[in-house]
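Asker: quick one, fold the following:
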Amino acid sequence: MKKFFLALFFSLGAIIIIAQEASFNGGKYVVIQMNNNIMTNLPKQKETPKGSVFLFDEYIKGTVLLRDSSVITDYKVNINLYTKQLEILNEDQISLLNYSKVDKIFVVNKGVKEYYTSCPNIIIQYPEIGDCSFIKVLYEGKYATLIDKVTLDLIPSNYNIALNAGNAYDTYIAKHNYYILKNGKALTIRLSRSSVLFVLKDKRKELNEFIIENNLNLRNTKDLTSVIKFYNNLYEQNTH
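Answerer: Numbers count the residues shown, from 1 in each chain. I've put the predicted structure just below:
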């Protein structure tokens, strides 16, 4: 007995294989069995990750203060969250600086002034912040400071081989971790009124009134910064 006929049909991305088994009888073949098998598309190969490992959408002009008191200015920079390095673009060449060599970074990102400091400047006093490279200082006050520890998250592929469905690539996203530095402690907050008022409960009533009167949305970091500034002003007023 041997395989007598093999046909391939292509439809809707699938390969249909029809195999017939036959025996030789009296000078001609007689089909005695037919097997149908369907082969779907081959499993996807793992693709390169999507998203970006960089903090900024593009290299932007900045001023960099190094820990040895050197100053780098008039160059475009970007922060690589994966390698934890500052990248400095000079024409077609890129210089790399580890975060431990950097003191502060000042940039104008999409028309907004931003200030970053290297992690060692913060975790010496606030070790509970944990591993990081660069921290964005949203507002620095005598009684409360607002910071954003920016880290890189990797969302793994959800590709299902059996179903041949889902994404065959991982995705990089920048993760923002917000803290209020107050009374020698780094207090984690969410971008919500309840979370912020819980941390700043010593001025809860005044802050809540300020939020309502100014129709502030604390999911917006600009509005949140206004609240932290007002909190500091309340204490400044009491000292005069």
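Asker: longest helix anywhere in the chain?
Answerer: helix 221-238 (DSSP state H).
Asker: give me the contact list for it.
Answerer: Contacts with helix 221-238, where a contact means C-beta atoms under 8 Å, 6 or more residues apart in numbering, come from 138-139, 141-146, 148, 178, 180, 191, 196, 200, 203, 206-207, 210-211, 214, 216-218. In short, each C-beta sits where N, CA and C put it, glycine included.
Asker: please flag which of these sit within strands.
Answerer: Mapping those onto strands (DSSP state E) picks out 138-139, 145-146, 148, 178, 180.
Asker: out of the residues you listed, which end up buried?
Answerer: Neighbour-count burial (16 or more other C-beta atoms under 10 Å) applied to those gives 138-139, 145-146, 148, 178, 180.
Asker: any chance of the residues you listed in CSV, with distance to L86 and pLDDT too?
Answerer: Converted to CSV, those look like this (distance: C-beta to C-beta, whole Å; pLDDT from 0 to 100):
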residue, distance to L86, pLDDT
L138, 19, 97
Y139, 23, 97
T145, 22, 97
L146, 22, 98
D148, 17, 97
Y178, 22, 97
I180, 26, 98
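Asker: closest one of those residues to E58?
Answerer: Using C-beta to C-beta, D148 comes nearest to E58 of these, at 19.9 Å.
Asker: what's the nearest residue to that closest one if we skip its chain neighbours?
Answerer: Computed as C-beta to C-beta, 6 or more residues apart in numbering, the closest residue to D148 that is not its neighbour in sequence is K136, at 4.2 Å.
Asker: pull the CA atoms of the helix or strand harbouring the one you found into PDB?
Answerer: Using DSSP states H and E, K136 sits in strand 134-139. Extracted C-alpha coordinates of strand 134-139, given in PDB (Å, rounded to 0.1, in the frame of the first residue of the first chain):
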ATOM      1  CA  PHE A 134      17.200  59.800  37.100                       C
ATOM      2  CA  ILE A 135      14.400  61.500  39.000                       C
ATOM      3  CA  LYS A 136      12.200  64.300  37.800                       C
ATOM      4  CA  VAL A 137      11.700  67.100  40.400                       C
ATOM      5  CA  LEU A 138       8.300  68.500  39.700                       C
ATOM      6  CA  TYR A 139       8.400  70.900  42.700                       C
END
